[in-house]
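> pasting a predicted model and its sequence here:
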Amino acid sequence: MDALESCEDEVLAAQLLKEFNDRSKEWGRLMLNFDDELDHATWKDECDRARGNLDQTIEKILCLKTN
């Protein structure tokens, strides 16, 4: 999160923070598996997709540090 705090573009930092929060919330919801209707294979696919999305957002945030 240091990368977001030190980002000069406050609008971009806010957008990335919101994206991170939304994607981590989605991944966490799936990990807790509150949806009894999901079979294991579908649950696993959705978890993998959500984790991939979260990883992409983390990479965007980390790239702020190098720029």
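Great, that's in hand. Numbers count the residues shown, from 1 in each chain.

> let me know the outermost residue of this structure.
Centroid-distance maximum for the chain: residue 37 at 23.7 Å, with Cα atoms, centre = their mean.

> what secondary structure does it sit in?
coil (DSSP: H, G, I helix; E, B strand; the rest coil).

> ok, now how distant is it from residue 30?
Distance, residue 37 to residue 30, by Cβ to Cβ, to the nearest Å: 13 Å. The way it works is simple: take the backbone N, C-alpha and C, and place the C-beta from them, glycine included.

> now swap in residue 40 and tell me
Residue 40 is 12 Å from residue 30, where distance means Cβ to Cβ.

> which one of the two has more residues nearby?
Legend: neighbour count by other Cβ atoms under 10 Å for residue 40 and residue 30, higher for residue 30 (20 against 8).

> residues contacting the residue nearest to the more buried one when sequence neighbours are not counted?
Leaving out its chain neighbours, the residue that sits closest to residue 30 by Cβ to Cβ, 6 or more residues apart in numbering is residue 47, at 4.8 Å. The contact partners of residue 47, by Cβ atoms under 8 Å, 6 or more residues apart in numbering, come to 27, 30-31.

> nearest to residue 62, of those residues?
Closest approach to residue 62 among the contacts of residue 47 (Cβ to Cβ): residue 27, at 17.3 Å.

> mind checking which helix or strand the closest one is in?
helix 10-32 (DSSP states H and E).

> what lies in contact with that helix?
Residues contacting helix 10-32 (Cβ under 8 Å, 6+ apart): 4-5, 7, 43, 46-47, 50-51, 53-54, 57-58, 60-61, 64.
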